[in-house]
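S.K.: quick one, structure for this:
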Amino acid sequence: FRRVLFRSDPYFKQRFAEEGQIGLKLSHPHIVEVYGTGEANGIHYILMEYLAGQSLRDRFGRPIDLNELIAIVAQIGSALDYAHSQGVFHRDIKPENILFTDQGTAKLGDFGIARLTGVRRYTSEGMIIGTPEYMSFEQAKGMELDGRSDQYALAIVMYEMLAGRPPFTAANPLAVVEKHLESLADVDLYN
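M.R.: Residues are numbered from 1 along each chain as shown. As a prediction, this is how the structure comes out:
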């Protein structure tokens, strides 16, 4: 099994339970398969597919050729297209959440902060949730998200695969978020 939750915090328990339910809802060749969820002796767990390959982050130590990059982005893009069609927005696309089978197939994992449309929100309006280096403008502003936010994050991952670093870096997470906001402040994202 993948992860154990030891916290008694109801927010974390709810997020953990939602991750399991979202995982059970999604069935796609490029999404890590969830087999079940449960609780034993106060320990909550998610039982999921074992992937023998590394994460994309682990692969950054070696060159990634253009054909491999295209295949990875296409596979994760396909997973996102499917998840979005099911009303699920991942909200934390990053190299650590792109995993590989031992045959090299890319799979999207960790739906821990994903949002299922129509499900009650557990975060406050304006609350920032996600990884700053990969956040869209809307996510950094704490706004309501849709699939475009995941697409933006995948583009940031692709940039990092090509350049060897994300486009925005800073000494602390808030400064990274600020750089995202500044770079898109004058862009009309909806026209």
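S.K.: all strands of this structure, in order?
M.R.: Listed in chain order, the strands of the chain (DSSP state E) span 3-5, 34-40, 43-48, 88-89, 98-100, 106-108, 115-116.
S.K.: mind showing which ranges of the protein have poor pLDDT?
M.R.: Applying pLDDT under 70 to the chain flags the ranges 1-12, 14-15, 112-113, 115-129, 184-191.
S.K.: so who does residue 102 touch?
M.R.: Counting by C-beta atoms under 8 Å, 6 or more residues apart in numbering, residue 102 touches 51, 52, 53. Backbone N, C-alpha and C define where each C-beta goes, glycine included.
S.K.: now do residue 160
M.R.: For residue 160, the contacting residues are 60, 95, 166, 167, by C-beta under 8 Å, 6+ apart.
S.K.: compare those residues and tell me which has the most neighbours.
M.R.: The residue in the contacts of residue 160 with the most neighbours, by other C-beta atoms under 10 Å, is residue 95 (21 neighbours).
S.K.: show me where the protein has helices.
M.R.: 10-25, 56-59, 66-85, 137-140, 147-163, 173-184 (DSSP state H).
S.K.: on that earlier part again, next, format the contacts of residue 160 as CSV and append distance to residue 150.
M.R.: Compiled in CSV, the contacts of residue 160 are given as follows (distance: C-beta to C-beta, whole Å):
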residue, distance to residue 150
60, 21
95, 14
166, 16
167, 17
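S.K.: hmm, which two among the residues you listed are most spread apart?
M.R.: Farthest apart among the contacts of residue 160 by C-beta to C-beta are 60 and 167. That separation is 15.0 Å.
S.K.: quick one on the thing from earlier: can you check which of the strands of the chain gets nearest to residue 133?
M.R.: Residue 133 lies closest to strand 98-100 among these, at 14.0 Å (C-beta to C-beta).
S.K.: packing partners for the closest one?
M.R.: Under the contact criterion of 3 or more C-beta pairs under 8 Å, 6 or more residues apart in numbering; DSSP states H and E, strand 98-100 touches helix 56-59, strand 106-108.
S.K.: list the buried ones in the first one?
M.R.: Residues of helix 56-59 classed as buried by neighbour count (16 or more other C-beta atoms under 10 Å): 56, 59.
S.K.: what does stretch 89-103 give?
M.R.: By neighbour count on 16+ other C-beta under 10 Å, the buried set for stretch 89-103 is 89, 90, 91, 92, 93, 94, 95, 97, 98, 99, 100.
S.K.: also stretch 136-153?
M.R.: Neighbour-count burial for stretch 136-153, counted by 16+ other C-beta under 10 Å, picks out 136, 137, 138, 139, 140, 145, 147, 149, 150, 151, 152, 153.
S.K.: show the end-to-end separation of that stretch, please.
M.R.: Criterion C-alpha to C-alpha, to the nearest Å; first-to-last residue distance in stretch 136-153 is 7 Å.
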